Each structure stands twice: as C-alpha cells, then as structure tokens.
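1. Provide a 3D model corresponding to the input given below.
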Amino acid sequence: MIIAKNIDDLKDFNRETCVTIGNFDGVHMGHQKLISRTCEKADENNLASVVLTFDPHPLRVLVNSKTPPFITLTEQKLELIAQYNPSCILMLPFDREMAALSPEEFIYKYLVQHLSIKELVVGYDYALGKGRAGNYEVISELGRKYGYGVERLDPVIINDAVVSSTRIRDMVEAGNVWDVRPILGRFFQVRGEVIHGMNRGGNLLGFPTANIRLDDELFPQKGVYAIRVEVDGKVYPGVANIGTNPTFGNDSISVEAHILNFSKNIYGETIRVHFIQRIRSEKKFSGLDELKARINRDIELAKAILAYPESKVRPGINLKETQGNIK
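-> Have a look, this model is predicted:
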C-alpha cells in the first residue's frame, strides 16, 4: 500500500485504477462500503484500488471558521482507510485553485492523466468540481468520453436513517456514544498527549488520571464515561471525565482518564480513548468525601458496562509501523 500526499508522488504508479473519492470524515459505515466496494471491484478487474481524499477538508478552505468539528482528523482518517488495504491512499492538498476546477478539469488532470482510471465508485449523493457541478450524470458522461465506468452506491441505512457524518457528529455531541457505534462501525475515539494536570486525581482523590491534550476537534458531551484506553497497542478498561471539574471551580474543559489497574508513567505519550457508554452528567459535589464516593460508584458502573462482550475494541493500526511505504 502506498500513502501519497501529492499527485507527483505517484509518478511511478503505472497501473490502471479503480478509484473512489470523498472527504471520508469519520470513515463511517457508508464510507466503509465505498472503500470495500472499490477494493473488491479493483480485484475483479485486475486494477489498482485508489482511495482519493483531501487535506485540509474542503470546507475548511471554503468557509473556514464556520465548519463544524470534524470526526476524524488526518492521521486517524488515514489509519482507518488503511485497514482496508487499498493499493493507494492519495490525500490531495486542497486549496482554492483546486476548488475552482470544473468537473472535467479535475477528472482529466487527476483521474485520467495521473491515475489511468478505468472504474469510479461514488456515493449516492456525491458531486465534485466547482459548485459541485459534477453530479452522477455529469461524471458518467465524462466517463463515456474518457473511458471509465461509474458505479453509484445506494445510501447505507442503519436504525431507519441514512448514515452520515452530520448524524454521527450530533450523536457524539449529545453523549450517545453507545448508539453511535453501529453507525460509525466502531466506538468513537479521541487521541492526544498525556500532560501534567492539577495533580488532584492521585494525590488528593486517590484516583490517578491521564490528562489528555486533545488532537481531535470533536468530543462527547460533558460527563462521565466508561472507556477503553489504548496505550502502546494494548487496550485497558477505564472511566473518563469530560468537563470543567465544577467541584474545584475550574473553567476550561479537560479530558481526564482513570485507567483501571494501571500504574505505568505515560506522560508525553499519545493515547487513544474509546468512549463506550455515558454514565452520568457532570455534577458539582459538596466536598471531597461525596466526590470520592461518586467516583467509586462510577468505577463500579464502568466495570459492569465493560463486562459486556459488545464493549470490546481492537487496537488501531499505527501508520508509523509502515513508514517505509509512505511517500
């Protein structure tokens, strides 16, 4: 598998291709269907499978501060796509010059000239080019001109609604992390570096926590959650608090994870937190004793939730382990 951050990195990629294109924010079940079908169709036709996406997300270029928080940023998106082992993941740098390309200009420049496209797989509502003018009818007509076929997939319906990034974002922000699992295809996760906090968890309360400087933009509603924490490729049970710690009069939002039966020093390490189930909302307690009692209760509830087989998660892949394949 090749991961390319620029079209020029593929100058020696001399194969005809089956391509899918999208922003793939969340790499949810709808995106997974597209990627799987692209790899399957490539194998059927002896083609290379290419997943083409963009960085930054086009909305970030076109509307900037008005964009919602994204579900998956670049590194996680690449890792999730790579699990399907396409021949190539091409992440094109998106800018206003690319946004100004007509559908035909984009298709000819990138898909025809550089990727020797023979098959294109798109979602039910996909459109490309300036003003999203390149809908299914347009790209199919261009396919007849340039010699590639187009397959359009139906929407994925789960729990009587279309799977979409917007739906997932709304559910995560509402704290519905258990219900988002079948739609996302996994539990929602965040990642970040473990940093020094206020040293209250272990020293004052007796529950040491990993305070996380988030790399991600989207995180669940404030409250306490049963979680699984991924450290160095191993997964541990835990409980996390997202909030301002109102008992201590804090203002800024933090994510603090208490990893059960874990004593390793992980300051400076990047960990992943998988949110399994929301336990309760954030609350201001009368004092330390009441807070400690509630934390003990939270831990017992988290253990009960995490005992369910459906709560299991598998460690994600680490792209650094395949660094030799990245261009």
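2. Identify each buried residue in the helix or strand hosting Val239, please.
-> Counting by DSSP states H and E, the element that carries Val239 is strand 234-243. Buried positions in strand 234-243, judged by neighbour count with 16 or more other CB atoms under 10 Å: Val235, Tyr236, Pro237, Gly238, Val239, Ala240, Asn241, Ile242, Gly243. (Glycine included, C-beta is placed from N, CA and C.)
3. can you list those in JSON lines and add distance to Met171 and pLDDT?
-> Formatted as JSON lines, those follow (distance: CB to CB, whole Å; pLDDT from 0 to 100):
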{"residue": "Val235", "distance to Met171": "23", "pLDDT": "96"}
{"residue": "Tyr236", "distance to Met171": "25", "pLDDT": "96"}
{"residue": "Pro237", "distance to Met171": "23", "pLDDT": "97"}
{"residue": "Gly238", "distance to Met171": "22", "pLDDT": "96"}
{"residue": "Val239", "distance to Met171": "21", "pLDDT": "96"}
{"residue": "Ala240", "distance to Met171": "18", "pLDDT": "94"}
{"residue": "Asn241", "distance to Met171": "20", "pLDDT": "92"}
{"residue": "Ile242", "distance to Met171": "15", "pLDDT": "93"}
{"residue": "Gly243", "distance to Met171": "19", "pLDDT": "84"}
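4. May I ask which two of those are separated the most?
-> Spanning the widest gap among the buried residues of strand 234-243 are Val235 and Gly243, at 24.0 Å by CB to CB.
5. now for the strand holding Val239, which elements pack on it?
-> strand 223-231, strand 254-259, strand 270-280, helix 288-306 (3 or more CB pairs under 8 Å, 6 or more residues apart in numbering; DSSP states H and E).
6. how about 7 Å then?
-> strand 223-231, strand 254-259, helix 288-306 (3 or more CB pairs under 7 Å, 6 or more residues apart in numbering; DSSP states H and E).
7. The first one: partners in the sheet, and parallel or antiparallel?
-> The one in question is strand 223-231. Strand pairing for strand 223-231, determined by DSSP bridges: strand 234-243 (antiparallel), strand 270-280 (antiparallel).
8. Would you mark the buried spots in that strand?
-> Gly223, Val224, Tyr225, Ala226, Ile227, Arg228, Val229, Glu230, Val231.
9. Go ahead and confirm Asn85 touches Met1.
-> Yes - contact criterion CB atoms under 7 Å: Asn85 and Met1 qualify, at 5.8 Å.
10. Give me the more crowded residue out of these two.
-> Higher neighbour count among Asn85 and Met1: Met1, with 15 against 11, using other CB atoms under 10 Å.
11. List the contacts of that one.
-> Met1 is in contact with Ala82, Asn85, Pro86, Ser87, Cys88, Asn325, counting by CB atoms under 7 Å, 6 or more residues apart in numbering.
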